[in-house]
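>>> got a predicted model here, sequence first, then my questions.
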Amino acid sequence: MKDIFDKIKTNLGPIGEHAKESHGYFTFPKLEGDINPHMKFRGREMLNWSLNNYLGLANHPEVRKTDADAAANYGLGLPMGARMMSGNSDYHEQLEKELSAYVQKEDTILCNFGYQAMVSAIDALVDRRDVIVYDAESHACILDGVRLHMGKRFVFKHNDIEDCEKQLERATRLAETTGGGILVITEGVFGMRGDQGKLKEIIELKKKFNFRLFVDDAHGIGTMGPNGGGTGEEQNCQEGVDIYFGTFAKSFALIGGFISSTKEIITYLRYNMRSQIFAKSLPMPLVVGALKRLELMRKHPEYRNKLWDIARALQKGLVEAGFDIGVTNTMVTPVYMRGSIPEATNMVIDLRENFGVFCSMVVYPVVPKGMIILRLIPTAVHTMEDVKYTIECFSKIKDKLYGGEYAAERIREGFAQQL
Ligand SMILES: Cc1ncc(COP(=O)(O)O)c(C=O)c1O
(Lines give C-alpha, C1' and ligand atoms only; values in the text may rest on other atoms or scores of the structure.)
Protein backbone atom coordinates (compact mmCIF):
# COMPACT_ATOMS: atom_id res chain seq x y z
CA MET A 1 0.00 0.00 0.00
CA LYS A 2 1.19 3.51 -0.78
CA ASP A 3 1.53 6.39 1.65
CA ILE A 4 -0.39 9.34 0.21
CA PHE A 5 2.40 11.69 1.25
CA ASP A 6 5.01 9.58 -0.64
CA LYS A 7 2.93 9.80 -3.79
CA ILE A 8 2.69 13.57 -3.43
CA LYS A 9 6.43 13.91 -2.87
CA THR A 10 7.13 12.38 -6.27
CA ASN A 11 4.30 14.03 -8.15
CA LEU A 12 3.64 17.70 -7.51
CA GLY A 13 1.15 17.94 -10.39
CA PRO A 14 1.47 19.49 -13.87
CA ILE A 15 2.09 23.04 -12.63
CA GLY A 16 3.64 22.15 -9.27
CA GLU A 17 6.43 20.19 -10.94
CA HIS A 18 7.88 23.52 -12.13
CA ALA A 19 7.55 25.15 -8.69
CA LYS A 20 11.27 25.07 -8.00
CA GLU A 21 12.16 27.31 -10.96
CA SER A 22 8.98 29.32 -11.09
CA HIS A 23 7.86 30.04 -7.51
CA GLY A 24 7.92 33.74 -6.71
CA TYR A 25 8.46 34.76 -10.32
CA PHE A 26 6.12 33.02 -12.77
CA THR A 27 3.94 31.53 -10.07
CA PHE A 28 3.02 33.28 -6.82
CA PRO A 29 4.65 36.60 -7.84
CA LYS A 30 4.18 39.42 -5.33
CA LEU A 31 2.85 42.65 -6.82
CA GLU A 32 3.15 45.43 -4.29
CA GLY A 33 1.59 48.86 -3.84
CA ASP A 34 -1.90 50.16 -4.54
CA ILE A 35 -3.78 48.26 -7.24
CA ASN A 36 -2.89 50.24 -10.35
CA PRO A 37 -1.36 49.72 -13.78
CA HIS A 38 1.96 50.65 -12.20
CA MET A 39 2.97 48.39 -9.30
CA LYS A 40 6.20 47.11 -7.83
CA PHE A 41 7.53 43.62 -8.52
CA ARG A 42 10.76 42.52 -6.80
CA GLY A 43 11.45 46.17 -5.98
CA ARG A 44 11.03 47.46 -9.56
CA GLU A 45 8.14 49.41 -11.00
CA MET A 46 6.22 47.43 -13.62
CA LEU A 47 3.56 48.36 -16.12
CA ASN A 48 1.02 45.80 -15.10
CA TRP A 49 -1.46 44.08 -17.47
CA SER A 50 -2.37 41.12 -15.33
CA LEU A 51 -5.22 42.21 -13.03
CA ASN A 52 -8.96 42.02 -13.74
CA ASN A 53 -9.53 45.43 -12.16
CA TYR A 54 -11.45 46.22 -15.37
CA LEU A 55 -13.16 49.44 -14.30
CA GLY A 56 -10.33 50.67 -12.11
CA LEU A 57 -12.51 50.54 -9.00
CA ALA A 58 -9.97 48.78 -6.76
CA ASN A 59 -8.23 51.99 -5.85
CA HIS A 60 -11.05 54.47 -6.45
CA PRO A 61 -11.01 56.99 -3.55
CA GLU A 62 -14.74 56.55 -2.79
CA VAL A 63 -14.32 52.77 -2.78
CA ARG A 64 -11.28 52.91 -0.53
CA LYS A 65 -13.12 55.21 1.90
CA THR A 66 -16.30 53.07 1.93
CA ASP A 67 -14.27 49.91 2.54
CA ALA A 68 -12.32 51.52 5.38
CA ASP A 69 -15.41 53.07 7.00
CA ALA A 70 -17.35 49.79 6.75
CA ALA A 71 -14.47 47.86 8.34
CA ALA A 72 -14.33 50.44 11.16
CA ASN A 73 -18.11 50.43 11.66
CA TYR A 74 -18.83 46.72 11.47
CA GLY A 75 -15.53 44.86 11.82
CA LEU A 76 -14.70 42.00 9.49
CA GLY A 77 -16.65 39.35 11.39
CA LEU A 78 -20.22 40.61 11.20
CA PRO A 79 -22.56 38.88 10.52
CA MET A 80 -21.56 35.56 12.05
CA GLY A 81 -22.85 32.26 10.70
CA ALA A 82 -24.47 31.23 7.44
CA ARG A 83 -27.19 33.45 5.93
CA MET A 84 -29.87 30.86 6.76
CA MET A 85 -28.97 30.57 10.44
CA SER A 86 -27.71 33.90 11.77
CA GLY A 87 -25.79 35.66 8.97
CA ASN A 88 -28.45 37.74 7.23
CA SER A 89 -28.71 41.56 7.20
CA ASP A 90 -30.62 44.38 5.51
CA TYR A 91 -27.48 45.24 3.54
CA HIS A 92 -27.20 41.70 2.15
CA GLU A 93 -30.81 41.89 1.00
CA GLN A 94 -30.38 45.40 -0.41
CA LEU A 95 -27.38 44.28 -2.46
CA GLU A 96 -29.34 41.32 -3.80
CA LYS A 97 -32.16 43.63 -4.82
CA GLU A 98 -29.84 46.09 -6.57
CA LEU A 99 -27.93 43.33 -8.35
CA SER A 100 -31.20 41.81 -9.59
CA ALA A 101 -32.18 45.14 -11.15
CA TYR A 102 -28.70 45.55 -12.67
CA VAL A 103 -28.76 42.17 -14.44
CA GLN A 104 -32.50 42.29 -15.22
CA LYS A 105 -33.56 39.31 -13.16
CA GLU A 106 -36.24 38.92 -10.49
CA ASP A 107 -34.05 37.83 -7.62
CA THR A 108 -30.45 37.19 -6.57
CA ILE A 109 -28.54 35.13 -4.03
CA LEU A 110 -25.22 36.47 -2.75
CA CYS A 111 -22.45 33.89 -2.49
CA ASN A 112 -19.30 33.94 -0.42
CA PHE A 113 -17.01 32.93 -3.33
CA GLY A 114 -17.68 32.88 -7.04
CA TYR A 115 -16.02 29.53 -7.57
CA GLN A 116 -17.99 27.81 -4.83
CA ALA A 117 -21.17 29.46 -6.06
CA MET A 118 -20.88 27.89 -9.50
CA VAL A 119 -19.91 24.45 -8.20
CA SER A 120 -22.65 24.43 -5.64
CA ALA A 121 -25.41 25.88 -7.83
CA ILE A 122 -24.79 23.22 -10.49
CA ASP A 123 -24.89 20.59 -7.74
CA ALA A 124 -28.19 21.96 -6.41
CA LEU A 125 -29.91 22.39 -9.77
CA VAL A 126 -29.55 18.89 -11.19
CA ASP A 127 -30.24 15.37 -9.94
CA ARG A 128 -29.16 12.00 -11.31
CA ARG A 129 -31.91 11.91 -13.93
CA ASP A 130 -30.91 15.28 -15.42
CA VAL A 131 -28.38 15.82 -18.20
CA ILE A 132 -25.77 18.58 -18.37
CA VAL A 133 -24.54 19.94 -21.72
CA TYR A 134 -21.53 22.26 -21.38
CA ASP A 135 -18.83 24.05 -23.37
CA ALA A 136 -15.49 22.25 -23.63
CA GLU A 137 -13.49 25.31 -22.56
CA SER A 138 -15.52 26.01 -19.44
CA HIS A 139 -13.82 27.43 -16.36
CA ALA A 140 -12.64 25.01 -13.65
CA CYS A 141 -15.59 25.93 -11.41
CA ILE A 142 -18.04 24.70 -14.06
CA LEU A 143 -16.01 21.54 -14.60
CA ASP A 144 -15.94 20.89 -10.87
CA GLY A 145 -19.70 21.45 -10.61
CA VAL A 146 -20.19 19.03 -13.48
CA ARG A 147 -17.92 16.51 -11.71
CA LEU A 148 -20.30 16.50 -8.76
CA HIS A 149 -23.22 15.67 -11.04
CA MET A 150 -24.34 12.07 -10.65
CA GLY A 151 -26.18 11.91 -13.96
CA LYS A 152 -24.92 12.11 -17.54
CA ARG A 153 -23.09 15.02 -19.10
CA PHE A 154 -22.27 15.84 -22.72
CA VAL A 155 -19.60 18.34 -23.70
CA PHE A 156 -19.78 20.40 -26.90
CA LYS A 157 -16.78 21.75 -28.82
CA HIS A 158 -15.96 25.26 -27.69
CA ASN A 159 -18.52 27.74 -29.01
CA ASP A 160 -19.53 25.28 -31.74
CA ILE A 161 -23.28 25.63 -32.10
CA GLU A 162 -23.59 22.69 -34.49
CA ASP A 163 -21.92 20.44 -31.94
CA CYS A 164 -24.02 21.96 -29.15
CA GLU A 165 -27.10 21.00 -31.14
CA LYS A 166 -25.75 17.46 -31.60
CA GLN A 167 -25.16 17.11 -27.87
CA LEU A 168 -28.63 18.49 -27.17
CA GLU A 169 -30.10 15.79 -29.43
CA ARG A 170 -28.24 13.12 -27.43
CA ALA A 171 -29.20 14.75 -24.15
CA THR A 172 -32.86 14.95 -25.19
CA ARG A 173 -32.96 11.26 -26.12
CA LEU A 174 -31.44 10.38 -22.76
CA ALA A 175 -33.58 12.73 -20.67
CA GLU A 176 -36.69 11.27 -22.28
CA THR A 177 -35.72 7.87 -20.90
CA THR A 178 -34.67 9.07 -17.43
CA GLY A 179 -37.51 11.53 -17.01
CA GLY A 180 -34.99 14.31 -16.24
CA GLY A 181 -34.33 17.73 -17.73
CA ILE A 182 -31.38 19.43 -19.47
CA LEU A 183 -29.11 22.17 -18.13
CA VAL A 184 -26.80 23.92 -20.64
CA ILE A 185 -23.82 25.70 -19.11
CA THR A 186 -21.48 28.15 -20.82
CA GLU A 187 -19.65 31.41 -20.18
CA GLY A 188 -20.42 34.99 -21.18
CA VAL A 189 -16.75 35.85 -21.79
CA PHE A 190 -14.10 33.16 -22.01
CA GLY A 191 -11.24 34.48 -19.92
CA MET A 192 -8.41 32.90 -21.88
CA ARG A 193 -9.29 33.53 -25.53
CA GLY A 194 -11.51 36.54 -24.84
CA ASP A 195 -14.34 35.36 -27.07
CA GLN A 196 -17.97 35.72 -26.01
CA GLY A 197 -20.08 32.65 -25.48
CA LYS A 198 -22.64 32.38 -28.28
CA LEU A 199 -25.54 32.99 -25.93
CA LYS A 200 -27.95 34.23 -28.55
CA GLU A 201 -27.42 31.20 -30.78
CA ILE A 202 -27.74 28.81 -27.84
CA ILE A 203 -30.96 30.52 -26.80
CA GLU A 204 -32.25 30.12 -30.38
CA LEU A 205 -31.89 26.35 -29.87
CA LYS A 206 -34.64 26.56 -27.26
CA LYS A 207 -37.05 26.60 -30.22
CA LYS A 208 -35.99 23.03 -30.97
CA PHE A 209 -34.99 21.68 -27.55
CA ASN A 210 -36.25 21.90 -24.02
CA PHE A 211 -33.45 23.10 -21.72
CA ARG A 212 -32.43 25.78 -19.25
CA LEU A 213 -29.33 27.97 -19.77
CA PHE A 214 -26.87 28.80 -16.97
CA VAL A 215 -24.24 31.44 -17.85
CA ASP A 216 -21.02 32.14 -15.92
CA ASP A 217 -20.42 35.81 -16.70
CA ALA A 218 -17.47 36.38 -14.35
CA HIS A 219 -15.68 38.62 -16.87
CA GLY A 220 -18.81 40.13 -18.44
CA ILE A 221 -20.44 41.69 -15.39
CA GLY A 222 -19.64 45.41 -15.35
CA THR A 223 -17.80 45.29 -18.67
CA MET A 224 -20.27 44.07 -21.29
CA GLY A 225 -23.53 45.59 -22.48
CA PRO A 226 -24.58 49.24 -22.73
CA ASN A 227 -25.11 49.39 -18.94
CA GLY A 228 -22.49 46.86 -17.92
CA GLY A 229 -25.25 44.35 -17.13
CA GLY A 230 -23.27 41.56 -18.77
CA THR A 231 -22.91 39.52 -21.93
CA GLY A 232 -26.64 38.73 -22.14
CA GLU A 233 -27.29 42.48 -22.20
CA GLU A 234 -24.53 42.92 -24.81
CA GLN A 235 -26.12 40.32 -27.07
CA ASN A 236 -29.62 41.56 -26.25
CA CYS A 237 -30.73 38.14 -25.02
CA GLN A 238 -30.57 38.37 -21.22
CA GLU A 239 -34.16 37.18 -21.01
CA GLY A 240 -33.13 33.83 -22.46
CA VAL A 241 -30.38 33.38 -19.85
CA ASP A 242 -32.27 31.42 -17.21
CA ILE A 243 -29.61 31.55 -14.50
CA TYR A 244 -26.93 34.24 -14.44
CA PHE A 245 -23.71 34.14 -12.43
CA GLY A 246 -21.39 37.07 -11.70
CA THR A 247 -18.32 37.35 -9.49
CA PHE A 248 -17.10 40.29 -7.41
CA ALA A 249 -13.51 39.22 -8.12
CA LYS A 250 -13.09 41.19 -11.36
CA SER A 251 -14.93 44.46 -12.23
CA PHE A 252 -15.98 44.85 -8.60
CA ALA A 253 -12.38 44.32 -7.42
CA LEU A 254 -13.68 42.59 -4.31
CA ILE A 255 -14.49 39.03 -3.29
CA GLY A 256 -17.71 37.04 -3.46
CA GLY A 257 -20.24 36.38 -6.18
CA PHE A 258 -23.93 36.15 -6.97
CA ILE A 259 -26.50 34.17 -8.90
CA SER A 260 -29.62 35.75 -10.38
CA SER A 261 -32.76 34.17 -11.80
CA THR A 262 -36.50 34.02 -11.14
CA LYS A 263 -37.80 34.37 -7.57
CA GLU A 264 -38.70 30.69 -7.51
CA ILE A 265 -35.26 29.46 -8.58
CA ILE A 266 -33.41 31.78 -6.20
CA THR A 267 -35.61 30.72 -3.28
CA TYR A 268 -34.77 27.11 -4.18
CA LEU A 269 -31.04 27.95 -4.30
CA ARG A 270 -31.21 29.77 -0.94
CA TYR A 271 -32.49 26.60 0.68
CA ASN A 272 -30.44 24.07 -1.29
CA MET A 273 -27.00 25.45 -2.16
CA ARG A 274 -24.75 23.57 0.22
CA SER A 275 -21.84 26.03 -0.12
CA GLN A 276 -24.07 28.79 1.25
CA ILE A 277 -26.11 26.84 3.80
CA PHE A 278 -23.01 25.36 5.41
CA ALA A 279 -20.62 28.33 5.20
CA LYS A 280 -20.33 31.79 6.67
CA SER A 281 -22.09 34.67 4.92
CA LEU A 282 -20.20 37.54 3.29
CA PRO A 283 -18.83 40.01 5.88
CA MET A 284 -20.57 43.37 6.07
CA PRO A 285 -17.64 45.45 4.70
CA LEU A 286 -17.70 43.34 1.53
CA VAL A 287 -21.45 43.81 1.15
CA VAL A 288 -21.33 47.56 1.82
CA GLY A 289 -18.26 47.77 -0.45
CA ALA A 290 -20.09 45.93 -3.24
CA LEU A 291 -23.04 48.33 -2.94
CA LYS A 292 -20.67 51.29 -3.41
CA ARG A 293 -19.01 49.68 -6.43
CA LEU A 294 -22.37 48.93 -8.01
CA GLU A 295 -23.43 52.54 -7.45
CA LEU A 296 -20.25 53.74 -9.20
CA MET A 297 -20.76 51.31 -12.10
CA ARG A 298 -24.25 52.64 -12.68
CA LYS A 299 -23.33 56.30 -12.20
CA HIS A 300 -20.17 56.32 -14.29
CA PRO A 301 -20.52 54.68 -17.70
CA GLU A 302 -17.35 56.58 -18.59
CA TYR A 303 -15.29 54.00 -16.66
CA ARG A 304 -16.58 51.27 -18.96
CA ASN A 305 -16.11 53.49 -22.01
CA LYS A 306 -12.52 54.16 -20.99
CA LEU A 307 -11.88 50.41 -20.54
CA TRP A 308 -13.14 49.84 -24.08
CA ASP A 309 -11.09 52.75 -25.51
CA ILE A 310 -7.96 51.21 -24.00
CA ALA A 311 -8.91 47.69 -25.10
CA ARG A 312 -9.65 48.77 -28.67
CA ALA A 313 -6.45 50.83 -28.96
CA LEU A 314 -4.39 47.96 -27.57
CA GLN A 315 -5.94 45.36 -29.87
CA LYS A 316 -5.80 47.60 -32.96
CA GLY A 317 -2.17 48.49 -32.26
CA LEU A 318 -1.17 44.87 -31.72
CA VAL A 319 -2.84 43.72 -34.94
CA GLU A 320 -1.22 46.59 -36.88
CA ALA A 321 2.14 45.54 -35.44
CA GLY A 322 1.59 42.05 -36.87
CA PHE A 323 0.46 40.21 -33.74
CA ASP A 324 -2.07 37.41 -33.67
CA ILE A 325 -4.71 38.11 -31.01
CA GLY A 326 -6.98 35.27 -32.05
CA VAL A 327 -10.75 35.46 -31.85
CA THR A 328 -11.21 37.89 -28.97
CA ASN A 329 -14.27 40.11 -29.22
CA THR A 330 -14.01 41.45 -25.67
CA MET A 331 -11.42 43.38 -23.67
CA VAL A 332 -9.43 40.21 -22.81
CA THR A 333 -6.38 40.38 -25.09
CA PRO A 334 -4.35 37.22 -25.67
CA VAL A 335 -1.21 37.59 -27.79
CA TYR A 336 -0.31 34.31 -29.50
CA MET A 337 3.28 33.47 -30.34
CA ARG A 338 5.19 30.31 -31.13
CA GLY A 339 8.15 28.93 -29.22
CA SER A 340 9.35 26.47 -26.64
CA ILE A 341 8.76 26.78 -22.90
CA PRO A 342 12.41 27.87 -22.29
CA GLU A 343 12.00 30.54 -25.00
CA ALA A 344 8.77 31.71 -23.41
CA THR A 345 10.34 32.00 -19.98
CA ASN A 346 13.38 33.85 -21.37
CA MET A 347 11.07 36.23 -23.18
CA VAL A 348 8.99 36.97 -20.08
CA ILE A 349 12.11 37.51 -17.98
CA ASP A 350 13.34 40.00 -20.62
CA LEU A 351 9.92 41.69 -20.72
CA ARG A 352 9.88 42.14 -16.96
CA GLU A 353 13.54 42.83 -16.22
CA ASN A 354 14.49 44.98 -19.21
CA PHE A 355 11.22 46.51 -20.36
CA GLY A 356 9.37 46.69 -17.02
CA VAL A 357 6.17 45.13 -18.40
CA PHE A 358 4.29 42.53 -16.34
CA CYS A 359 1.69 40.20 -17.82
CA SER A 360 0.68 36.57 -17.45
CA MET A 361 2.21 33.87 -19.62
CA VAL A 362 0.34 30.73 -20.62
CA VAL A 363 2.21 27.71 -22.02
CA TYR A 364 1.86 23.92 -22.30
CA PRO A 365 0.03 22.05 -20.69
CA VAL A 366 -2.64 24.78 -20.53
CA VAL A 367 -2.29 25.37 -24.31
CA PRO A 368 -0.85 23.02 -26.99
CA LYS A 369 2.93 22.43 -27.10
CA GLY A 370 4.78 25.19 -28.96
CA MET A 371 2.14 27.84 -28.30
CA ILE A 372 2.87 30.84 -26.06
CA ILE A 373 0.14 33.21 -24.93
CA LEU A 374 0.93 36.50 -23.26
CA ARG A 375 -2.38 37.63 -21.81
CA LEU A 376 -3.07 41.35 -21.47
CA ILE A 377 -5.95 42.65 -19.36
CA PRO A 378 -6.73 46.28 -20.17
CA THR A 379 -8.43 48.43 -17.55
CA ALA A 380 -10.04 51.87 -17.30
CA VAL A 381 -6.98 53.15 -15.44
CA HIS A 382 -4.43 52.32 -18.15
CA THR A 383 -3.40 55.19 -20.41
CA MET A 384 -2.79 55.49 -24.16
CA GLU A 385 0.92 55.92 -23.32
CA ASP A 386 0.82 52.55 -21.54
CA VAL A 387 -0.70 51.05 -24.69
CA LYS A 388 1.89 52.62 -27.00
CA TYR A 389 4.82 51.61 -24.81
CA THR A 390 3.55 48.02 -24.50
CA ILE A 391 3.15 47.55 -28.25
CA GLU A 392 6.69 48.88 -28.79
CA CYS A 393 8.04 46.44 -26.19
CA PHE A 394 6.05 43.54 -27.62
CA SER A 395 7.40 44.27 -31.12
CA LYS A 396 10.94 44.16 -29.77
CA ILE A 397 10.49 40.90 -27.88
CA LYS A 398 8.74 39.30 -30.86
CA ASP A 399 11.72 40.15 -33.10
CA LYS A 400 14.07 38.69 -30.50
CA LEU A 401 11.95 35.53 -30.15
CA TYR A 402 11.79 34.84 -33.87
CA GLY A 403 15.44 35.91 -34.27
CA GLY A 404 16.38 33.04 -31.94
CA GLU A 405 17.68 35.28 -29.15
CA TYR A 406 15.67 33.55 -26.44
CA ALA A 407 16.81 30.06 -27.40
CA ALA A 408 19.86 30.03 -25.13
CA GLU A 409 19.27 28.18 -21.88
CA ARG A 410 21.88 30.38 -20.23
CA ILE A 411 19.57 33.40 -19.93
CA ARG A 412 17.16 31.39 -17.83
CA GLU A 413 19.82 29.53 -15.93
CA GLY A 414 21.77 32.70 -15.12
CA PHE A 415 18.61 34.34 -13.98
CA ALA A 416 17.46 31.37 -11.91
CA GLN A 417 20.50 31.82 -9.69
CA GLN A 418 19.19 35.25 -8.68
CA LEU A 419 15.76 33.93 -7.70
C1 LIG B 1 -15.08 32.35 -15.65
C2 LIG B 1 -14.88 32.36 -14.17
N3 LIG B 1 -15.81 31.82 -13.36
C4 LIG B 1 -15.67 31.81 -12.03
C5 LIG B 1 -14.56 32.35 -11.42
C6 LIG B 1 -14.44 32.24 -9.93
O7 LIG B 1 -14.77 33.41 -9.29
P8 LIG B 1 -14.18 33.81 -7.86
O9 LIG B 1 -12.80 34.32 -8.06
O10 LIG B 1 -15.15 34.84 -7.38
O11 LIG B 1 -14.19 32.59 -6.99
C12 LIG B 1 -13.57 32.93 -12.21
C13 LIG B 1 -12.36 33.54 -11.62
O14 LIG B 1 -12.33 34.40 -10.82
C15 LIG B 1 -13.73 32.94 -13.62
O16 LIG B 1 -12.81 33.49 -14.41
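Looks like it came in fine.
>>> what about residue 352, how many neighbours?
Burial of residue 352 is recorded as 19 neighbouring residues (other C-beta atoms under 10 Å). Any C-beta I mention is one placed from the backbone N, CA and C, and that applies to glycine too.
>>> from the ligand, how far out is it?
Counting by C-beta to the nearest ligand atom, to the nearest Å, the gap between residue 352 and the ligand amounts to 23 Å.
>>> give me the nearest residue to that residue, chain neighbours excluded.
Counting by C-beta to C-beta, 6 or more residues apart in numbering, residue 358 is the residue found nearest to residue 352 once chain neighbours are left out, at 5.8 Å.
>>> got a pLDDT number for residue 416?
Note on residue 416: pLDDT of 61.
>>> same question for residue 21.
The predicted local confidence for residue 21 comes out at a pLDDT of 82.
>>> what is the rounded mean pLDDT of stretch 192-209?
On average, the pLDDT along stretch 192-209 is 98.
>>> quick one: buried residues of it?
By neighbour count, with 16 or more other C-beta atoms under 10 Å as the criterion, the buried positions of stretch 192-209 are 192-200, 202-203, 205, 209.
>>> what is the nearest of those residues to residue 55?
Among the buried residues of stretch 192-209, residue 194 lies closest to residue 55 (C-beta to C-beta), at 17.0 Å.
>>> my guess is that closest one contacts residue 315. True?
No: distance between residue 194 and residue 315: 9.1 Å, which falls outside the contact criterion (C-beta atoms under 8 Å).
>>> residues that sit against both of the two, list them.
325, 328, 333 (C-beta atoms under 8 Å, 6 or more residues apart in numbering).
>>> show me what contacts the second one?
Looking back up the chat, that one is residue 328. Contacts for residue 328 (C-beta under 8 Å, 6+ apart) come out as 193-195, 315, 334.
>>> now intersect these with the strands, please.
Secondary structure from DSSP state E places residue 334 of the contacts of residue 328 in strands.
>>> the contacts of residue 328 also near the ligand: which ones?
Intersecting those with the surroundings of the ligand, defined as C-beta under 6 Å from any ligand atom, gives nothing.
>>> of the contacts of residue 328, which is the nearest to residue 77?
Lowest distance from residue 77 to the contacts of residue 328 (C-beta to C-beta) belongs to residue 194, with 38.6 Å.
>>> so who does the closest one touch?
Remark: with contacts taken as C-beta under 8 Å, 6+ apart, residue 194 is in contact with 325-334.
>>> against the ligand, how distant is it?
Distance from residue 194 to the ligand, by C-beta to the nearest ligand atom: 12 Å.
>>> which residues touch residue 221?
103, 188, 228-230, 246-247, 250-252.
>>> burial of residue 16, as a residue count?
13.
>>> per-residue confidence at it?
At residue 16 the predicted local confidence, pLDDT, stands at 84.
>>> which of the buried residues of stretch 192-209 fall in helices?
Taking DSSP state H as the definition of helices, the buried residues of stretch 192-209 contribute 199-200, 202-203.
>>> my read: residue 333 touches residue 376, true?
Yes: with contacts defined as C-beta under 8 Å, residue 333 counts as touching residue 376 at a distance of 4.2 Å.
>>> identify the contacts common to these two.
Counting by C-beta under 8 Å, 6+ apart, the residues touching both residue 333 and residue 376 are residue 314.
>>> all strands for this structure, in order.
Listed in chain order, the strands of the chain (DSSP E) span residues 31-32, 38-41, 44-48, 107-111, 131-135, 152-156, 182-187, 212-216, 243-247, 257-261, 333-338, 357-358, 360-362, 371-376.
>>> quick one, what contacts the residue of the chain found nearest the ligand?
Nearest to the ligand in the chain, going by C-beta to the nearest ligand atom, is residue 114, at a distance of 2.3 Å. Under the criterion of C-beta under 8 Å, 6+ apart, the contact partners of residue 114 comprise 141, 218, 245-249, 256-257.
>>> show me what contacts the closest residue to residue 361 other than its chain neighbours?
With C-beta to C-beta, 6+ apart as the criterion, residue 361 has its nearest non-adjacent residue at 4.9 Å, and that residue is residue 348. When contacts are counted by C-beta under 8 Å, 6+ apart, residue 348 is found next to 26, 361, 374.
>>> cool, and residue 107?
Contacts of residue 107 were listed using C-beta under 8 Å, 6+ apart, and they are 96, 100, 260-263, 265-267.
>>> swap the cut-off to 10 Å and go again
Listed by C-beta atoms under 10 Å, 6 or more residues apart in numbering, the contact partners of residue 107 are 96-97, 99-100, 259-267, 269-270.
>>> could you list the low-pLDDT ranges of the chain?
Low-confidence segments of the chain, defined by pLDDT under 70, are located at 409-419.
>>> would you mind giving the domain segments of it?
Using automatic domain parsing, the domains assigned to the chain come out as 6-58+301-416, 75-299.
>>> most packed of these?
domain 75-299 (a mean of 20; mean count of other C-beta atoms under 10 Å).
>>> how long is that domain from one end to the other?
Start-to-end span of domain 75-299 (C-alpha to C-alpha, to the nearest Å) is 28 Å.
>>> near the ligand, which residues of the protein are found?
In this structure, the chain approaches the ligand at residues 113-115, 118, 139, 141, 187, 191, 216, 218, 247, 249, 257, judged by C-beta under 6 Å from any ligand atom.
>>> any chance of the contacts of residue 328 in a markdown table, with distance to residue 127 too?
Formatted as a markdown table, these follow (distance: C-beta to C-beta, whole Å):
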| residue | distance to residue 127 |
| --- | --- |
| 193 | 33 |
| 194 | 35 |
| 195 | 32 |
| 315 | 44 |
| 334 | 38 |
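>>> for the contacts of residue 328, which one is nearest residue 125?
Out of the contacts of residue 328, the one with the shortest distance to residue 125 is residue 195. That distance is 25.4 Å, counting by C-beta to C-beta.
>>> so that closest one sits right up against residue 159, yeah?
Yes: here residue 195 lies in contact with residue 159, judged by C-beta atoms under 10 Å, at a distance of 6.3 Å.
>>> so what sits against both of the two?
Taking C-beta under 10 Å, 6+ apart as the contact definition, residue 195 and residue 159 share the neighbouring residues 137, 187, 327.
>>> nearest residue to the first one in space, please, no chain neighbours.
The shortest distance from residue 137 to any non-neighbouring residue, by C-beta to C-beta, 6+ apart, is to residue 158 (4.2 Å).
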